[in-house]
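Trainee: Next one to model:
(2 chains)
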Amino acid sequence: MNQDPFKYEEQLKHFLDSYHVEMPEFPVEKPGRWQRLIQWLATPVKNPLDPLVETVRSYSLAGTLPIVLGLVIAVIT
Amino acid sequence: MSLRQTEEIEMAAYQAGDAEALGRIYEQLKQPLYLFIYRYTRDEQLSIDVVQDTFIKVQQYKQSFTPEKGTLKNFLFQTAYRIMIDKLNRRKKWYRLMPFLKPEDPQPTNTEDKLTVQQALSSLPEKQRAVILLTYYHDLSQTEIAQMLEIPVGTVKSRLHHAISSLKNMLGGDYL
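Mentor: Next up, the predicted model:
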């Protein structure tokens, strides 16, 4: 018989007890492939441009890029 | 009659051809399985998939369960754990190739305590996390955990000791 490793850890037990999870209802059978694909497509993902959007450099880039592009187009034409 | 005996009787009935017994086993054990996977991964859809895949495996390999090898609960937890690790490893490979597919981090929850316990458990190394979840929330013995994770009992003890120490360090100060 193993000794209870949490025997003298009342505060830790109290802390771990505070982790409640609500379980959704779901059937034993898996949904079909199409439904799984739709669920996967609907899963929110991180915006890959986030690191660019939230930096000072990105603001200056956003401000100067139209001017640079305008100059490039003017030179080309 | 203990819960364990009831589960084993249901499984014996299922192995003997009573298809409805699987539904009864599912009703009894889907919650502990889901809670374990969810607390480990904090991913609702993945947890549902793992529970469903576990029961598909049970249907495919129903004759491979024998009560002499361990309890039905342990058998299901071991199957679920293997499926979960396979899925997580496959995901890691995909995310390495295509990082933009990585889903958003789980949303913070309402209470500060809950948020902290989730974060604390998630920040434990995976091997320690499995041991502490199985010990504390699912009341599995160290021998059962050793069998399930295919590691020696001594390793279970040491991982549990480190997990408890890490949690106490992380939660030290205001809470503990």
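Trainee: Enumerate the positions of stretch B:52-72 that are buried.
Mentor: By neighbour count with 16 or more other C-beta atoms under 10 Å in any protein chain shown, stretch B:52-72 contains the buried residues B:52-55, B:57-58, B:65, B:70-72. Where you see a C-beta, it was placed from the backbone N, CA and C, and this is true even at glycine.
Trainee: Can you tell me which of the residues you listed comes closest to B:Ala16?
Mentor: Out of the buried residues of stretch B:52-72, the one with the shortest distance to B:Ala16 is B:Phe65. That distance is 12.5 Å, counting by C-beta to C-beta.
Trainee: Quick check: B:Lys30 touching B:Ile48?
Mentor: No - here B:Lys30 does not reach B:Ile48: they are 9.6 Å apart, not a contact under C-beta atoms under 8 Å.
Trainee: what sits in contact with each of those two?
Mentor: Jointly contacting B:Lys30 and B:Ile48 under the rule C-beta atoms under 8 Å, 6 or more residues apart in numbering or on different chains is no residue at all.
Trainee: so which strand or helix has residue 35?
Mentor: If you meant another chain, say so; for now it's chain A. When elements are defined using DSSP states H and E, A:Gln35 is found to belong to helix A:33-42.
Trainee: I was thinking of chain B, sorry if that wasn't clear
Mentor: Under the assignment given by DSSP H and E, the secondary-structure element containing B:Leu35 is helix B:20-41.
Trainee: Give me the residues contacting that helix.
Mentor: With C-beta under 8 Å, 6+ apart, helix B:20-41 has contacts from A:19, A:21, A:23, A:28, B:3, B:6-7, B:10-11, B:13-14, B:44, B:46-48, B:50-51, B:54-55, B:58-59, B:72-73, B:76-77, B:80-81, B:84, B:88, B:121, B:126, B:129-130, B:133-134, B:137-138.
Trainee: Now with 6 Å, please.
Mentor: Among residues not part of helix B:20-41, those counted as contacts by C-beta atoms under 6 Å, 6 or more residues apart in numbering or on different chains are A:21, A:23, A:28, B:10, B:13-14, B:47, B:50-51, B:55, B:76, B:80, B:84, B:133, B:138.
Trainee: which element follows it toward the C-terminus?
Mentor: helix B:44-60.
Trainee: Which neighbouring elements make contact with that following helix?
Mentor: The helices and strands touching helix B:44-60, judged by 3 or more C-beta pairs under 6 Å, 6 or more residues apart in numbering or on different chains; DSSP states H and E, are helix B:20-41, helix B:72-97.
Trainee: ok now the shortest one, how far from the chain's centre?
Mentor: Relative to the centre of its chain, helix B:20-41 is centred 10 Å away, using C-alpha atoms, centre = their mean, to the nearest Å.
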